[in-house]
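# coords below, sequence missing:
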């Protein structure tokens, strides 16, 4: 399976603005409501929830935009999911 590239755009904890984090590789394009995990500067996993996906219309491009908002750290998210 070929990876897909997407421009990752995030809204972080305590922020009211969006910030582009550059191009990221995914095994498949994340969907709205799904979580992605990235390490912060300290190497601690942080969970972000997908809130918008923009797919390209150009056939030659497999890169879209993924908009995510900060949810919590990854450990807390796993606890939430296990307790639900």
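Cool, the structure landed. Just so we're clear, the structure is a prediction, and the values are computed from it rather than from any experiment.

# what's the burial count for residue 47?
Around residue 47 there are 20 other residues, counting by other C-beta atoms under 10 Å. C-beta: built from backbone N, CA, C; applies to glycine.

# Look up which residues are beta-bridged to residue 11.
residue 69 (DSSP bridges).

# pretty sure it contacts residue 20?
No: in this structure, residue 11 is not within contact of residue 20 by C-beta atoms under 8 Å, at 11.2 Å.

# what about these two, which has more around it?
residue 11 (16 against 10).

# For the chain, just list every one of the strands.
Taking DSSP state E as the test, the strands found in the chain are 4-11, 19-26, 35-39, 45-54, 64-73.

# export those strands to JSON lines and tack on mean pLDDT and distance to residue 79?
Output for the strands of the chain, formatted as JSON lines (pLDDT from 0 to 100; distance: least, C-beta to C-beta, whole Å):
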{"stretch": "strand 4-11", "mean pLDDT": "89", "distance to residue 79": "22"}
{"stretch": "strand 19-26", "mean pLDDT": "89", "distance to residue 79": "25"}
{"stretch": "strand 35-39", "mean pLDDT": "93", "distance to residue 79": "13"}
{"stretch": "strand 45-54", "mean pLDDT": "93", "distance to residue 79": "11"}
{"stretch": "strand 64-73", "mean pLDDT": "92", "distance to residue 79": "9"}
